[in-house]
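Asker: Provided below are the primary sequence and the corresponding predicted coordinates.
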Amino acid sequence: MGELKVPTVGKGTKIWGNTNIYKEAIIGEDCSIGWGTEIEAVTIGDRVRIGAMCFIPTGVMISDDAWIGPKVCFTN
């Protein structure tokens, strides 16, 4: 069997229900990921707040202490 891959999620991070996080994602410490958000292969810093129903596609980098409002859709 192949190696099981899971996202990297930092200590103290809260992820609300109905959220999809791809296995290549790296999420920092003390973050909050809102309900219904989809996160692809991205890097998210520490203490980041992401509102509900956001879409964050592969290639996006979010720095420490950022706040992303609800229903934000990054495009690539």
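Answerer: Looks like it arrived, so ask away. Numbers count the residues shown, from 1 in each chain.

Asker: only C-alpha atoms for contact and neighbour calcs from this point on.
Answerer: Will do.

Asker: Low-confidence ranges, the chain, go.
Answerer: 1-4, 76 (pLDDT under 70).

Asker: redo that, cut-off 80
Answerer: Scanning the chain for pLDDT under 80 picks out the ranges 1-5, 76.

Asker: which stretches of it form strands?
Answerer: 8-9, 14-15, 20-21, 26-27, 32-33, 38-39, 43-44, 49-50, 55-56, 61-62, 67-68 (DSSP state E).

Asker: which other residues reach the first one?
Answerer: The reference is to strand 8-9. 23-29 (CA atoms under 8 Å, 6 or more residues apart in numbering).

Asker: Quick one: which of the residues you listed is the most crowded by neighbours?
Answerer: residue 27 (25 neighbours; other CA atoms under 10 Å).

Asker: doesn't residue 49 make contact with that one?
Answerer: No. Residue 27 lies out of contact with residue 49 (CA atoms under 8 Å); the separation is 11.1 Å.

Asker: Tell me which residues touch residue 38, please.
Answerer: Neighbours of residue 38 in contact, by CA under 8 Å, 6+ apart: 19-21, 53-57.

Asker: Over to residue 41?
Answerer: Contacts of residue 41 by CA under 8 Å, 6+ apart are 22-26, 57-59.

Asker: How about residue 64?
Answerer: 44-48.

Asker: Compare the residues you listed and tell me which has the most neighbours.
Answerer: Going by other CA under 10 Å, residue 44 tops those with 25 neighbours.

Asker: The spatially most central residue of the chain pairs with what?
Answerer: Most central in the chain under CA atoms, centre = their mean is residue 39, positioned 4.8 Å from the mean C-alpha point. Residues in a beta bridge with residue 39, per DSSP bridges, are residue 21, residue 56.
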